[in-house]
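K.L.:
sequence plus predicted model, see below.
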Amino acid sequence: AAMPAGAAVSISGAYFSPKSSRRPLRKSTRFIILHTTEGPARGSLEKLRANGECHYVVDRDGRVYRIIDRRRVAFHAGRSMWDGQTDLDSCSVGIEIVGYHDREFTQVQYRALRELLADLKRIYRVPDERVLTHSMVAYGVPNRWHSRSHRGRKRCCMLMADPARRRRAG
């Protein structure tokens with residue numbers, strides 16, 4: 001499923017997951033969740049493709065790869081919650097950005113991410129406040145240190161919670 005006519009971003013199918021057709025269609029799309037791969041492109045792309053763990057990947061050179069059809073469920077958010085919603089995989093699009101949670105993205109990554117986000121926000125009518133980072137939505141279960149479910153389990157894409165970086169990414 002390609003982006004509709006007039007879409008701003010060019011998307012490669014070179015790493016399209018064979019699991020895509022087996023995934024259920026999402027009933028709604030309320031969120032877009034941003035992730036960082038925490039590793040280099042090639043190994044990350046191969047793992048994400050093999051496991052169907054996101055919808056899109058934005059490489060360091062600005063190339064965007066489709067992993068799972070944007071209309072289908074991708075297993076990217078795991079144990080997650082936001083605004084009373086749990087199981088964010090079932091109501092979100094996941095975008096992996098090649099890089100690390102504590103390092104700046106490249107200029108071309110910001111440009112590609114801005115174009116991809118603009119398209120997805122328009123298609124699904126997702127407002128800015130529902131473009132979240134994995135670090136914002138991931139939670140841990142009660143354990144010997146925490147008596148209740150708690151935030152702070154992931155650092156994934158945490159720099160994108162910064163308002164200046166969010167503006168830069170559109």
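P.N.:
All right, it came through fine. Numbering: from 1, shown residues only.

K.L.:
switch to C-alpha atoms for all contacts and neighbour counts from now on
P.N.:
Noted.

K.L.:
tell me how far stretch 62-74 lies from the chain's centre.
P.N.:
Here the centre of stretch 62-74 is set off from its chain's centre by 9 Å, with Cα atoms, centre = their mean, to the nearest Å.

K.L.:
identify the residues contacting that stretch?
P.N.:
1, 9-17, 19-21, 23-26, 48-49, 52-59, 89-94, 108-112 (Cα atoms under 8 Å, 6 or more residues apart in numbering).

K.L.:
same thing with stretch 112-128?
P.N.:
Residues from elsewhere that reach stretch 112-128, judged by Cα under 8 Å, 6+ apart: 3, 7-9, 29-32, 58, 62-64, 168-170.

K.L.:
now a PyMOL select for only the buried ones of the residues you listed.
P.N.:
Only the buried entries of the contacts of stretch 112-128 go into this PyMOL selection, using 16 or more other Cα atoms under 10 Å:
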select buried, resi 3+7+9+29+30+31+32+58+62+63+64+169
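
K.L.:
any buried residues in the helix of greatest length in the chain, and which?
P.N.:
Counting by DSSP state H, the longest helix found in the chain is helix 107-124. By neighbour count with 16+ other Cα under 10 Å, helix 107-124 contains the buried residues 109-121.

K.L.:
may I ask which two of those residues are separated the most?
P.N.:
Q109 and K121 (17.5 Å; Cα to Cα).

K.L.:
still on that earlier bit, the contacts of stretch 62-74, buried ones only, as a PyMOL selection?
P.N.:
In PyMOL, this line selects whichever of the contacts of stretch 62-74 come out buried by 16+ other Cα under 10 Å:
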select buried, resi 9+11+15+16+17+19+20+23+25+26+48+49+52+53+54+55+56+57+58+59+89+90+91+92+93+94+109+110+111+112
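
K.L.:
I appreciate the help and will end here.
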